[in-house]
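Engineer: Generate a structure from the sequence data that follows.
(chains A and B)
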Amino acid sequence: MRYHTPTSFADAAAIAAGATGTLRFLAGGTDVLVQMRAGMVQPDDLIDLKHIPGVDQVVQTPDGGWKIGIAVPGIVLGGHEGLVRDWPGVVEGMSLVGSTQVQGRATLAGNLCNGSPAADSVPGLIAAGAMVTVTGPKGSRDIPVEAVPAGPGKTTLAKGEVVSSITLPPRGKNGGDCYLRFIPRTEMDIAVVGCAVSLRLDGDKIVEARVALGAVAPTVILSEAAAQAIIGTTLDDAATAALAKAAEGAAKPISDKRGTKEFRIDVAGVLARRAAQIAYDRAKGPSKGSQA
Amino acid sequence: MSKIHVTTTVNGDPVEFLADPRETLLDALRNQLDLTGTKEGCGTGDCGACSVTVDGTLVCSCLMLAAEANGKRVETIEGMAKEELHPLQRKFIEHAALQCGYCTPGILVAAKALLERNPDPTDTEVRYWLAGNLCRCTGYDKIIRAVQDAAAEMRQDHRGAA
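Structural biologist: Sure, this is the predicted structure:
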């Protein structure tokens, strides 16, 4: 195995484009090293991206959004005041990944590119409308996060392409988001179902919403029907019932050791309702909402 | 396969060694530097027996390549006791917070990292922080009590020193 430490994404993309054997990018390594040890993946070329300047930084964009480096670990996101204030749902999704030790290494970019439909940080990113910059041999392009996963363990990225940053849009006024997952214990488990909701209010009325569901399809999915179920409402009982029904309808899960298809469909509706309520309360702010 | 020259600091001492590109930090600590206090439990980041800090951040040394430690500051269980045992080590003995002891170095390193960030954690905070450290002997309650007793003593000492 050749271990590369490029100092630019252009160099990383060039190495990747020229690789003839098995290739892996290394950010936090909490998936790659496990796969290497298990013999699932034996890379001929391993490209460590952490020597590229800026990959460990979180910076505010000129429009008030946040650009997150691909090697920023969960523990840094969780301690970042601005991110926690603007996008608590994104941060709480990432903070659910693994133990304290894993949080010290694991990254949003790695969680996304590992391609798990149950990736806890991905629904929050999708609900937030986050974009990734993808750098390849021909330059860089920006795509929405939901365009990256292609199925379990697979992404839409072409040979030689690598995610070079993640950008969250400006939160703006009267917005709130939330991520919830179901696991049969309290910690250290993989989502049976996950759901993220991001919304914006005008007064009491929801004027924008995005609803993403995890672990109920081959990729994390964005449900337009679920969003439409609450847009224009004050999240009253009729709206939450419609939201739950839409989320159930969007869920196309399999049965496996972590949960049956029927259970997952039911839980998708429950989590969508609860996540929407928390996001709504956060959008109202601590003075009016029931949740801080 | 060419080896990678790694220069790092372990428990304050500068060290250098040649790492196989696939070699984990855990294997390098144990097999090259003879620091066998750091244990391998699962090798997949689930059990926390291999916990160390790298530039002050708690990590599983099995989930990191030795080559990634180049230029970093690594702290292991061997660096914990100075002239005397660390209060956490003493309280683990007093509370019998270990039986076979295999998970203990990792739990001590993790608990030390917690108390450096949060000198007065709640029981719940200790349990969540240590959720990635598995112990199959003691049942955790004694571990939590030992950590809390050590934290109380360290707070007292800190106030005494101030």
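
Engineer: which bits of chain A sit near chain B?
Structural biologist: Residues of chain A lying close to chain B (CB under 8 Å from any CB of the partner chain) are A:1-3, A:26, A:29-30, A:33-34, A:36-38, A:46, A:48, A:50, A:73, A:75, A:98-102, A:104-105, A:187-188. Where C-beta positions appear, they are placed from N, C-alpha and C, glycine not excepted.

Engineer: What residues does the spatially most central residue of chain B make contact with?
Structural biologist: Nearest to the geometric centre of chain B sits B:V109, at 2.5 Å (CA atoms, centre = their mean). For B:V109, the contacting residues are B:51-53, B:58, B:75-77, B:80, by CB atoms under 8 Å, 6 or more residues apart in numbering or on different chains.

Engineer: Any chance of these in JSON lines with pLDDT and neighbour count as columns?
Structural biologist: Compiled in JSON lines, the contacts of B:V109 are given as follows (pLDDT from 0 to 100; neighbours: other CB atoms under 10 Å in any protein chain shown):
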{"residue": "B:S51", "pLDDT": "98", "neighbour count": "33"}
{"residue": "B:V52", "pLDDT": "98", "neighbour count": "32"}
{"residue": "B:T53", "pLDDT": "98", "neighbour count": "22"}
{"residue": "B:L58", "pLDDT": "98", "neighbour count": "30"}
{"residue": "B:E75", "pLDDT": "98", "neighbour count": "20"}
{"residue": "B:T76", "pLDDT": "98", "neighbour count": "23"}
{"residue": "B:I77", "pLDDT": "98", "neighbour count": "23"}
{"residue": "B:M80", "pLDDT": "98", "neighbour count": "17"}
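
Engineer: Sitting in strands, which of the residues you listed do you find?
Structural biologist: For the contacts of B:V109, membership in strands holds for B:51-53, B:58, B:75, with DSSP state E as the criterion.

Engineer: about what we covered before: buried subset of the residues of chain A next to chain B?
Structural biologist: The neighbour-count criterion (16 or more other CB atoms under 10 Å in any protein chain shown) marks A:1, A:3, A:26, A:29-30, A:33-34, A:36-37, A:46, A:48, A:50, A:73, A:75, A:98-102, A:104-105, A:188 among those as buried.

Engineer: re earlier: give me the phi and psi for the residue nearest to the centre of chain B.
Structural biologist: When read as degrees, to the nearest 10, the backbone of B:V109 gives phi -60, psi -40.

Engineer: now swap in B:D141 and tell me
Structural biologist: Note on B:D141: its backbone torsions stand at phi -60, psi -40 [degrees, to the nearest 10].

Engineer: Ok, A:K205 next?
Structural biologist: Backbone torsions of A:K205, given as degrees, to the nearest 10, read phi -100, psi 140.

Engineer: That one is in contact with A:T234, isn't it?
Structural biologist: Yes. Between A:K205 and A:T234 there is a contact at 5.7 Å, judged by CB atoms under 8 Å.

Engineer: Can you list the low-confidence ranges for chain B?
Structural biologist: Scanning chain B for pLDDT under 70 picks out B:1, B:161-162.

Engineer: ok and the residue in it nearest chain A?
Structural biologist: B:G132 (2.1 Å; CB to the nearest CB).

Engineer: Phi first, then psi, for that residue.
Structural biologist: B:G132 has phi and psi values of phi -90, psi 10 when expressed as degrees, to the nearest 10.

Engineer: Identify the residue spatially nearest to it, adjacent ones excluded.
Structural biologist: Among residues not flanking B:G132 along the chain, A:S99 sits closest, at 2.1 Å (CB to CB, 6 or more residues apart in numbering or on different chains).

Engineer: same thing with B:L35?
Structural biologist: Spatial nearest neighbour of B:L35, excluding adjacent residues (CB to CB, 6+ apart): B:L29 at 4.6 Å.

Engineer: and the one you found, helix, strand or coil?
Structural biologist: helix (DSSP: H, G, I helix; E, B strand; the rest coil).

Engineer: measure it to B:T36 for me?
Structural biologist: Distance check for B:L29 against B:T36: by CB to CB, to the nearest Å, it reads 8 Å.

Engineer: more neighbours, the two?
Structural biologist: Neighbours per residue (other CB atoms under 10 Å in any protein chain shown) separate B:L29 from B:T36, with B:L29 holding more: 25 against 14.

Engineer: Please consider this matter closed, and thank you.
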